[in-house]
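In: Okay, sequence plus prediction incoming.
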Amino acid sequence: MSSRISTFGRFIYLNIYAYLLLIIGVGISFLPLYEIHWLLLVIQIIAVVILLNVSIKIFKSWASKKRSYTVLMERNRNGIREETFKEYMLAPCGRLLVKIVLSDLGERHQYKRLRKIYSMTLSNLIQAVKESRKPKRTVVYIAGKKVGETESTSN
């Protein structure tokens, strides 16, 4: 199942925000702000480091995106369950993942309804950030037997 998401085109699509941040960071690094004032150079360096750091974190989340894709596909195979998409609809990168899952399920038209239900307001975004900082526990069962358990936090 996860092999359907592991295409080059989908890697580019799901990491579009990482590419945008990377391009903006590199673009800012080429601005000759040091000619105006040396403090602008310090601000420029800090901005570039932050943008590149966030970009790298998004690129590193590819394994998590593949895992999330598989989970969403399995949970919604027999019908769309809105609550399973809540976590993903509150983040721009997650919305891209939801679009791909709905497309693969043949339910592309459901995205507009989910977008209305889980609109990206400031209060929703703040709540999503708070919830993403809480540790998440994942337990893996195969044939009814527990085979693994992990706990992680999103950064």
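Out: Thanks, I have it.

In: Can you pull out the low-pLDDT segments for this protein?
Out: 1-4, 124-125, 128-129, 132-134, 136, 151-155 (pLDDT under 70).

In: mind listing the strands for the chain?
Out: 136-142, 145-152 (DSSP state E).

In: If I follow the layout properly, residue 59 ends up in contact with residue 18?
Out: Yes: taking contacts as Cβ atoms under 8 Å, residue 59 lies within contact range of residue 18: 5.0 Å. Quick note: C-beta positions are derived from backbone N, CA and C, even for glycine.

In: ok, these two, which is more surrounded?
Out: More crowded of residue 59 and residue 18, by other Cβ atoms under 10 Å: residue 18, with 20 against 14.

In: residue contacts, the residue lying closest to the more buried one once chain neighbours are set aside?
Out: Nearest residue to residue 18 in three dimensions, chain neighbours excluded: residue 58, at 3.6 Å (Cβ to Cβ, 6 or more residues apart in numbering). With contact taken as Cβ atoms under 8 Å, 6 or more residues apart in numbering, residue 58 is in contact with 15, 17-18, 21, 93.

In: mind redoing it with 10 Å?
Out: Contact partners of residue 58, counting by Cβ atoms under 10 Å, 6 or more residues apart in numbering, are 14-22, 65, 93.

In: Could you turn the buried ones of those residues into a PyMOL selection?
Out: Restricted to buried positions by 16 or more other Cβ atoms under 10 Å, the PyMOL selection for these reads:
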select buried, resi 14+15+18+21+22+65
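
In: From the contacts of residue 58, pick the one nearest residue 144.
Out: The closest of the contacts of residue 58 to residue 144 turns out to be residue 65 (Cβ to Cβ; 27.8 Å).

In: What is the distance between stretch 73-87 and the centre of its chain?
Out: 17 Å (Cα atoms, centre = their mean, to the nearest Å).

In: again but with stretch 58-68, I slipped
Out: On Cα atoms, centre = their mean, the centre of stretch 58-68 falls 8 Å from the chain's centre.

In: And for stretch 33-53?
Out: 27 Å.
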